[in-house]
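Chemist: Predicted model and sequence follow; I will ask about them next.
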Amino acid sequence: MRQLTRNAAVTIVAIAALFWIVGQYETALRDPRLLDGWILAAAMMAQLSYHVRKQLPALTLGRAASWLKLHVYAGYFVIAAFLMHTSFSLPETSLEWVLWILFMVVAVSGIFGLFLTRSIPARLQHVSADQVTFEQIGAARARLAGEVDGLMLNSVKNAASAALSDYYADHLYGYFRKPQHVGAHLRGSRYPLQAMCDDLDRLESHPNSKAEELLEKLKAHVVAKFDLDHQYALQGLQHAWLFIHIPATYCLIAMSVLHTMVVYAYSSGVR
Amino acid sequence: MSIARYVKFWRFAEKSDRALRTKRNIISAWVAVLSAGLFILAIAYASDSRHFMPGPVTTVHGTLEQCTDCHSNVSKGQFGWLHAVFAPADPDKDTKSCLTCHMMGEAARNPHGLELARLDAYVRRAEASPHASKRSTASRIREATLPVERTFPEGVFCATCHKEHNGQTFDLTAMSDAQCHTCHSVQFDDFHSSHPEFDSYPFRRRTRINFDHSGHFKKHFPEWRTKKNAKEVPPACTDCHTVSAEGGHMDIKPFEQICTACHIDQITGVERATGPKGITLISLPGLDLETLKEKNVDVGEWPEDAEGEISPLMRLLIGRDEKHRNTLKVTDELDLLDLTEASDAQIAEVKTLAWEVKRLVHTLTTAGMTDFFRRIKSATGARISKDLATQLSASMPHDVLLAAQREWLPNLASEIDETPGEENEDTSPVFTTETVSDESSGTDAAEQEEEDAEEKPKTVSASAASAGQSGSWRIDPFGRLIKGNQPPEDEEDDEAEEEASDQEGEGSDDEVDTADSDVSENNGAEEIEVDTEGWTELGGWYRKDFAILYRPVGHADPFLRAWLDLTSRLFAEDENNLARPAFEELTHKDAQGQCAKCHSVDATKNASRVVNWTPSSLASRESPFTLFDHRPHFGVAQKDGCFSCHGMSKAKGYLETYKGTDPYTYVPNFKQVKKETCAACHGKMQVRQDCLLCHKYHVNEIATPVLTTEVPKN
C-alpha cells in the first residue's frame, strides 16, 4: 500500500510538472503542442522499452515486475500527456481520428490488461486448487480425457451402468476433449457444472454399488475438467489482450512517426 | 466474436509463450507497416488534403483549400511534403503569406507592429516603472529558460500568437494575461490588485480644442442664461458630446450644432468693434513721397493717401528671392511714411520695395493666380497642390484686383513696360499633383513633366507680358487686358469698344486708363458710397482704401484654414522666415476668424507648427495601446453621470497653457481617472479584467488589400 501510494504520488507529481512546464512554454509564446508532443513521443518510446525488455529475457535489466510497474505508471503519464496534446478534445479530421482511436485502443487495452493481470490470479486461486500453467493445460486436458475414457471402457466391460455409458458417449466425450463453457468461466458461473452433475444424478435413480462408484469417479473428472477449462479461459484471456495491445502499439508508433513528419513538413517554424 | 471463434483463437494461443510472442510480433509488424503504407499513399493521392490537417481552420480561413496556400515550406506535388520534412522551416515565409491579406506595413514583425524607435521608448518607460521589479517566480524561471530574445530572434511571427487548426470557431485572437507578461517587464497578476496606477489617464496632453469647461460652467453659461437666450446654453454633457458608433469614443458634436449660437459672430467679425473685419492680402504701403522726390528717387505713380503697411501675407509674395527678402528686412526697420532719416542705401531698398509692390499688383492683374503661387514657391520653397491653391486664393475675382489697380495705380501697365524687367526667373512647376499640400512628399516624375508642360505656356506668357517683350499692355475701358499699342482687330467690331473710343478718342495708354476712371465721372453716373466691409458681411473678397482683404465666411473658412496650414508647415523660428509673421498674424488673439482661439497650435519636432483642426478621436488618440468604450459604462454611472469618472479639477491655468505650443505642458479641466474607479467593478465585482479588455496588441491598422480588377478591354 505504501509503495502504491509512493508510486501514485510520483506519477501525479510528474503529470503536474508536465502541465506546469507546458503551460510555461505556452506562456513564453512558444508552441505548446510541440513540447507536449515530443514529451508524449518520448514517453511512448519509454513504454516500448518494457516490450523490448520482455523480448530479451536473457538480459538482467532489473526484475520484470519492476519493469511492469514502471510501464503501468508511465502509462498513466502518457495518457495525461496525450490528453494535453489533444487539448482534451475529440479530433476533427481523419488522421487525427486514426491516431486518437489507436491511442485509445492501446490505452484501454493496457488498462484492461492491467485489470486482468490483477484479477485473474486471484480468481484462479479462488476456484482451482490445482493450478497448471497455460502451456500445460492441453496436456492436462488430454490426460483427463484418457482417464475418463479408461473409466468408461471398464464400466462397459463390467456392465456397471448402461445409462452412464450412453450419457458419456452422447454428452461428455466432446466435453473432455475441448475447452467448454468459456463464457460461463469468464463470467465466473458454475451453472454448466451444476447442470452436468444434476444430469448424472438423475441417470441412476437406484444405483448399484458399481454404478455409484462409477458415477462418483465420472463426476470428479467432470469437475476437474471444468476447473481446467476455467483456468484455460482466464489464462487465455490474459494472453489474448496482448494480441490487441501490442499490434495497436506498433501501429500507433508507426502512425506517430508519420504524424511527426507531417507536423514538421507543415510547421510554421515557430518553436 | 462468437465463442466458437474464441475457442479457435485460444487453440492458436495454446502454443508456447515464446511462440505466442513471435506471432504477436509478426502480426504487429505487419499491421504497422500496412497502416503506415496506406497512410503515405493516402496523403499523397487524397483528393482533399484537409483530411490530414491537425484540425479544421477557423471559418475565416475556410476558403483556403490548399495547405500550400499558407504553408509556404511545402512544395507542390504528391510527395512535396516529404521534402519539407527535412527542409528547415522559415516562419518568415508563412508570415508573408498572412501579410498578403492582412497588410501591416514594414514593422509587421516587430512587437505590436511598432517602429523600433517607438518600441524602444515604450520599453524604456516600462523599465523605469517602479513596478518593473515585481515579478513572479514562474516569470523569472521562464525568462531564464526561455528568454524572449531567443523566442523572437527574427521578430514576432503571426503564428507565434495566432494558432490555427484548432477548430472552426476557435478564437484566433485570444491571448492570456500570462502571455502578455512574457515580454513585459512590468508584471502584475491582475488589474484590480496590482495594475500600476494610471499615468495621466485619459489626458496625456491638453485637449486639441481649447474649450475651458470650468470657465463655461462657472461664467459664460450663467451669463448667457441670464442675459441672452437660456435655451442656447447646453443643459447636459450630451448636448455637446456624443458617443461614436465605432469604439465608443466620446466625440464632440459639430461647431454648427453647439458653438455657433455664441461664437459665429466672433469668426465673421460682426462683433469686431475696431480694425478691419477681413485679413489683408494685398496692400499699398504708405510712402514718404516728399522725401523720395527730394532725393530724386523715382517710384513712379504712387497714391499720396496710401498709409498702410505690407501685410504678412503680402510679404510671402514679395520675398520671392534673396534680394527682395533683404529689401523687406531693410525696410522693416524704417518708417516708410517718414524717410527723412533714411540712408541712400535704405532709400534704394524703399524704391525696390515700391516697384516690387507695383510688379506684384501688375502680375496678379495680368498673369493670374499661377504667378501668385509661383511667388510663394520662390519665397518659401513650398510647392502646393491645386486644391490647396484654390483655397488659398479663395477664388479671388479678377475684378477686385483690376478695380484696385485702376484706382491705386491707373498707369501701372505702361509704368511696368518702361521699367527694366525683373521678373521671377523661376519657371519650374508651381503645383504638385497631390490633393493635399506636402512639401516633403515626392511627385511622380512623369506626372511632373506633364505638369511642366501645362504650366509653362502660362508662365512664359506672364513673363513676356511683364517684360514688355512684344509690345505694351494696357487695360481697355472695360477693364480687359489687351496687348499692343493698338486695340486688337477682333475688338474693332465691338460696339462697346467703339463707344468708348468715340467718347475718349485715340490717345496714349495713360490717357486711356486715366480716362477710364473719368468715364463714370464724365458720364455723370451717381457715385454710391458703399461700406464694402459691411457689404461683405457674409464673407469674401473686398477692397478698402489701399488694401484687398478677405472676410471669413464662417466657421471652417477654407481660406483661413488653407493659409494656416501652409504657414504652419513653413513656420520656423528663424527671424528671416516669411511664414512666421504670416502665421502669427493669423493666430493672434485678435486675428480675423479667431481660429486659434479654439484650435490649439502645437510645435512639431522640426519646430514648425500644426493647427489642431479636429478634436481627439479614435484615430488621433495618443495611446494606441489603450481602448475604452464608454457605452458599457453608461448603465453603471447613472448617479453622478460623466462626473463619476471625470471629476472637475480645481487647478487653475487651463487657458494659460494654450499660450505655449507644447501640448504636454497643460492644466486639465478634469481630474485624471483613478485606477480605483475602474477597479471598483473590474476585479472586485467579477467584471472582466484581462489585459485585452483595455489594451490591444496590434496598434496600427491592419489593412485589407483592395481588389485590382481590370476593366474589360473589349
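Modeler: That came in fine, so what should we check first?
Chemist: Show me which residues of the helix or strand containing B:Q346 are buried.
Modeler: In this structure, B:Q346 is located in helix B:344-367 according to DSSP states H and E. Within helix B:344-367, the residues that qualify as buried are B:347, B:349-367, counting by 16 or more other Cβ atoms under 10 Å in any protein chain shown. Where C-beta positions appear, they are placed from N, C-alpha and C, glycine not excepted.
Chemist: Also stretch B:299-315?
Modeler: Going through stretch B:299-315 with 16+ other Cβ under 10 Å, the ones that come out buried are B:299-300, B:302-303, B:306, B:308-315.
Chemist: Sort these by pLDDT and name the bottom one.
Modeler: Of all these, B:G308 carries the smallest pLDDT score, 87.
Chemist: tell me which parts of the stretch 51-200 of chain A are close to chain B?
Modeler: Residues of the stretch 51-200 of chain A lying near chain B by Cβ under 8 Å from any Cβ of the partner chain: A:54-55, A:87, A:89, A:91-96, A:98, A:134-135, A:137-138, A:178-179, A:182-183.
Chemist: Now do the same contact list for A:K69.
Modeler: With contact taken as Cβ atoms under 8 Å, 6 or more residues apart in numbering or on different chains, A:K69 is in contact with A:N7.
Chemist: and if you look at B:G641?
Modeler: For B:G641, the set of contacting residues under the criterion of Cβ under 8 Å, 6+ apart consists of B:C237.
Chemist: Among the buried residues of stretch B:299-315, which are located in helices?
Modeler: Restricting these to those inside helices, with DSSP state H as the criterion, leaves B:312-315.
Chemist: Distance to chain A added to those residues, as a markdown table?
Modeler: Formatted as a markdown table, the entries for those read as follows, by distance: Cβ to the nearest Cβ, whole Å:
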| residue | distance to chain A |
| --- | --- |
| B:P312 | 57 |
| B:L313 | 57 |
| B:M314 | 62 |
| B:R315 | 59 |
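Chemist: farthest pair in the buried residues of stretch B:299-315?
Modeler: Based on Cβ to Cβ, the longest span within these runs between B:G300 and B:P312 and measures 25.1 Å.
Chemist: Can you give me the domain boundaries for chain B?
Modeler: B:1-45, B:57-197+B:685-707, B:279-523 (automatic domain parsing).
Chemist: any idea which of those domains is most buried?
Modeler: Neighbour counts averaged per stretch over these are highest for domain B:279-523, at a mean of 17; criterion: mean count of other Cβ atoms under 10 Å in any protein chain shown.
Chemist: Run through the residues that contact the residue nearest to A:W100 when sequence neighbours are not counted.
Modeler: Distances taken as Cβ to Cβ, 6 or more residues apart in numbering or on different chains put A:P91 closest to A:W100, at 4.6 Å, once the chain neighbours are dropped. Residues counted as contacts of A:P91 (Cβ under 8 Å, 6+ apart) are A:97, A:99-100, B:55.
Chemist: Looking at these, which is nearest A:A248?
Modeler: The closest of the contacts of A:P91 to A:A248 turns out to be A:L99 (Cβ to Cβ; 11.6 Å).
Chemist: quick one: the closest residue to chain B within the stretch 51-200 of chain A from B:I43, how far?
Modeler: Sorted by distance to chain B under Cβ to the nearest Cβ, the residues of the stretch 51-200 of chain A start with A:S94, at 3.9 Å. Applying Cβ to Cβ, to the nearest Å, the value for A:S94 to B:I43 is 10 Å.
Chemist: Do me a favour and average the pLDDT over the helix holding B:Q346.
Modeler: 91.
Chemist: and if you look at stretch B:110-122?
Modeler: Averaging pLDDT along stretch B:110-122 yields 88.
Chemist: Please see if that stretch touches chain A.
Modeler: No - using Cβ under 8 Å from any Cβ, we find that stretch B:110-122 stays clear of chain A, coming within 10.3 Å at best.
Chemist: for the stretch 601-714 of chain B, which spans come out with low pLDDT?
Modeler: Across the stretch 601-714 of chain B, the ranges flagged by pLDDT under 70 are B:622.
Chemist: What ranges does it have for its strands?
Modeler: Ranges of strands in the stretch 601-714 of chain B, per DSSP state E, counting those that start in this stretch, are B:601-603, B:609-611.
Chemist: What part of the chain, helix or strand, is modelled with the least confidence?
Modeler: If you meant another chain, say so; for now it's chain A. Lowest by mean pLDDT, DSSP states H and E among the helices and strands of chain A is helix A:162-167, with a mean of 81.
Chemist: other chain: chain B
Modeler: For chain B, scoring each helix and strand by mean pLDDT, DSSP H and E identifies helix B:445-467 as the least confident one, at a mean of 36.
Chemist: Tell me where the chain is predicted with low confidence.
Modeler: Using chain A here. Within chain A, the stretches falling below the threshold (pLDDT under 70) are A:57, A:59-60, A:126-130, A:159-160, A:204-207, A:271.
Chemist: think we crossed wires, I meant chain B
Modeler: Of all residues in chain B, those with pLDDT under 70 make up the ranges B:1-18, B:130-134, B:185, B:420-430, B:433-527, B:622.
Chemist: Strands of that one, residue ranges please.
Modeler: For chain B, the strands identified by DSSP state E occupy B:241-243, B:250-252, B:279-283, B:384-385, B:431-432, B:473-475, B:481-483, B:540-544, B:547-551, B:601-603, B:609-611, in order along the chain.
Chemist: need the helices for the stretch 1-150 of chain A, in chain order.
Modeler: Taking DSSP state H, counting those that start in this stretch as the criterion, the stretch 1-150 of chain A carries its helices at A:2-27, A:32-55, A:64-85, A:94-127, A:137-158.
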